[in-house]
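Visitor: predicted model and sequence follow; I will ask about them next.
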Amino acid sequence: MRNPTQASFSTPARSASARRVDWADYAKGFCIIMVVMMHSTLGVGDAVGREGFMHVLVAFAKPFRMPDFFMISGLFLSRVIDRDWRTYLDRKVVHFAYFYVLWVTIQFAVKAPVFAAAHGWPYVVEQYAFAFIEPFGTLWFIYLLPIFFVVTKATRNLPPVAVWCVAAAMQIATVQTGWTTIDEFTGRFVYFYTGYLLAPQLFAFAALVQARSRRAMVGLLAWALVNGSLVYAGVAGWPVISLVLGLAGASAVIAVSALMARAHVFGPVRYCGEHSIVIYLAFFLPMAATRTLLLKTGLVADVGVMSLIVTTAGVIGALAMWWAVRGTTLKFLFERPDAFWIAPRQPVAVPAARSFARGAATDRAAVREPGIAAASARTPRPRFWDWGKVRSGE
């Protein structure tokens, strides 16, 4: 069966002229900042026993924070899904497995003394082994994402609508087994598959938003009011409502990102999106260190301000770590070494195909692999923020 988005890309992934889809980077930037903000804010709140203004933002973003991340992750999958299994597994499974094993080991190395003091070293060893069955801490996303990639490829010959309906039914069922992999798979796969299945429509939607920006802003205002009202009413997590809010919120983030890309503003958000894997892997270190420093020194009393500082430190600190190790023997922290590749680095070129959808763009798209970055000739990058790209392989 032909992939539902097979005609979505037109040039080889490593083309010299390839550039990234700007609004997708803005969307990823929003997502990773919201993820860091959530962990930072809730961590500070738990430590001091109070809430601040940042808790309101975290609650507002909860219905769409992870749905958007997964939707964008599936958006460019049609570009690589028909590759041979060896290449596909290298890009979509081995890649993330390498970073999961590496960074779960780093996280345990940091937290082991605390765990050992409370429960003993046998407990530390037991929990480390258990982390390969039950995703550990903040790393559950890159643990789950390869499963999504494999399931989507394995089911690509099934009727796409049927697969989507099953995924939606799982999300509505609100499965709660206590196992992160099962619970998050059933709750999140529908968003990933929606990005894969509706890629042409989502690109057309982004182009439409850019063409009709005023109407788009009115729609975004209406969405914000509805989303905020349902969150405030405490019903945002209810079955069906949570699915609708997740899809609507992810679409809203795409709309906001498309408008920002059109206006060339908020370059740091785009930069965070281009390096989202770096931030995701490393933010816990500067976040935890900054939170501990602020709590021990008492320099900042306001919970909201403290949460904002910790969030900023988490994002900037992770990027600083990557900058510090580039070109050194420690670059393996963010770049997969040759020894951990099971397929050639250079992907096989895919013949040219027609553009995403009518009105989506006259320009063609190309994806930098592995990951969810792609090319767009619609909007040139502002030179001020052209600081280079990470070879993290996201």
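Guide: Received it, and whenever you're ready, just let me know what you need.
Visitor: give the contact list for the residue nearest to Arg50 when sequence neighbours are not counted.
Guide: Of all residues not flanking Arg50 in the chain, Val303 sits nearest, at 5.0 Å (Cβ to Cβ, 6 or more residues apart in numbering). For the C-beta atoms, the positions are set from N, CA and C on the backbone; glycine is no exception. Val303 sits next to 44-45, 48, 50-52, 54-55 when contact means Cβ atoms under 8 Å, 6 or more residues apart in numbering.
Visitor: so which of those belong to helices?
Guide: Residues of the contacts of Val303 located in helices (DSSP state H): 44-45, 48, 54-55.
Visitor: let me know the closest of those to Ala258.
Guide: Distances from Ala258 to the ones in helices among the contacts of Val303, taken as Cβ to Cβ, are shortest for Met54 (26.2 Å).
Visitor: local confidence estimate at the closest one?
Guide: With respect to pLDDT, Met54 scores 96.
Visitor: cool, Glu394 as well?
Guide: 34.
Visitor: equivalent analysis for Arg262, please.
Guide: Model confidence at Arg262 (pLDDT) stands at 88.
Visitor: what's the answer for Arg345, then?
Guide: Arg345 carries a pLDDT value of 84.
Visitor: what's the neighbour count on it?
Guide: 13 (other Cβ atoms under 10 Å).
Visitor: identify the residues contacting the residue lying farthest from the centre of the chain.
Guide: In the chain, counting by Cα atoms, centre = their mean, Gly120 sits farthest out from the average C-alpha position, at 35.0 Å. Contact partners of Gly120, counting by Cβ under 8 Å, 6+ apart, are absent.
Visitor: now the one 3 residues further on
Guide: Contacts for Tyr123 were tallied using Cβ under 8 Å, 6+ apart; they are 115-116.
Visitor: quick one on the thing from earlier: what would the contacts of Val303 look like in JSON lines with distance to Ala222 and neighbour count?
Guide: JSON lines is the format used below for the contacts of Val303 (distance: Cβ to Cβ, whole Å; neighbours: other Cβ atoms under 10 Å):
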{"residue": "Val44", "distance to Ala222": "32", "neighbour count": "29"}
{"residue": "Gly45", "distance to Ala222": "30", "neighbour count": "19"}
{"residue": "Val48", "distance to Ala222": "36", "neighbour count": "16"}
{"residue": "Arg50", "distance to Ala222": "33", "neighbour count": "13"}
{"residue": "Glu51", "distance to Ala222": "28", "neighbour count": "17"}
{"residue": "Gly52", "distance to Ala222": "28", "neighbour count": "18"}
{"residue": "Met54", "distance to Ala222": "25", "neighbour count": "24"}
{"residue": "His55", "distance to Ala222": "24", "neighbour count": "18"}
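Visitor: any idea how far the residue farthest from the centre of the chain lies from Phe108?
Guide: Distance of Gly120 to Phe108, computed by Cβ to Cβ, to the nearest Å: 15 Å.
Visitor: can you give me the strands in the stretch 51-200 of the chain?
Guide: Using DSSP state E, counting those that start in this stretch, no strands are found in the stretch 51-200 of the chain.
Visitor: and which of the contacts of Val303 is nearest Thr312?
Guide: Looking across the contacts of Val303 and measuring by Cβ to Cβ, the closest to Thr312 is Met54, at 11.2 Å.
Visitor: ok, Ser242 touching Gln171?
Guide: Yes - in this structure Ser242 lies within contact range of Gln171 using Cβ atoms under 8 Å: 7.4 Å.
Visitor: quick revisit: could the contacts of Val303 go into TSV alongside distance to Val310?
Guide: Listed next are the contacts of Val303 as TSV, based on distance: Cβ to Cβ, whole Å:
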residue	distance to Val310
Val44	6
Gly45	11
Val48	12
Arg50	14
Glu51	14
Gly52	11
Met54	9
His55	13
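Visitor: from those residues, pick the one nearest Ala263.
Guide: So of the contacts of Val303, ranked by how close each gets to Ala263 (Cβ to Cβ), first place is Met54, at 25.9 Å.
Visitor: tell me the secondary structure for the nearest residue to the closest one once chain neighbours are set aside?
Guide: Excluding the flanking residues, the one nearest Met54 by Cβ to Cβ, 6+ apart is Ser307, at 3.9 Å. Following DSSP: H, G, I helix; E, B strand; the rest coil, we place Ser307 in the helix state.
Visitor: so how far is Met37 from Ser307?
Guide: From Ser307 to Met37 the distance is 8 Å (Cβ to Cβ).
Visitor: Gly314 now?
Guide: Taken as Cβ to Cβ, the span from Gly314 to Met37 is 8 Å.
Visitor: of those two, which one has the most company?
Guide: Gly314 (29 against 22).
Visitor: what about the more buried one, which SS state?
Guide: Classified using three-state DSSP, Gly314 is helix.
Visitor: quick check: it touching Pro286?
Guide: Yes - counting by Cβ under 8 Å, Gly314 touches Pro286, with 5.4 Å between them.
Visitor: from the contacts of Val303, which is closest to Ile72?
Guide: Met54 (23.6 Å).
Visitor: in contact with that closest one, which residues are there?
Guide: Met54 makes contacts with 37, 40-41, 44, 303-304, 307-308, 311, as judged by Cβ under 8 Å, 6+ apart.
Visitor: just Val48 next, same as before
Guide: Neighbour list for Val48: 295, 303, 306 [criterion: Cβ under 8 Å, 6+ apart].
Visitor: test my guess that Phe53 contacts Gly304.
Guide: Yes - contact criterion Cβ under 8 Å: Phe53 and Gly304 qualify, at 3.8 Å.
Visitor: in terms of neighbours, single out the busier of those two.
Guide: Between Phe53 and Gly304, Gly304 has the larger neighbour count (other Cβ under 10 Å), namely 19 against 13.
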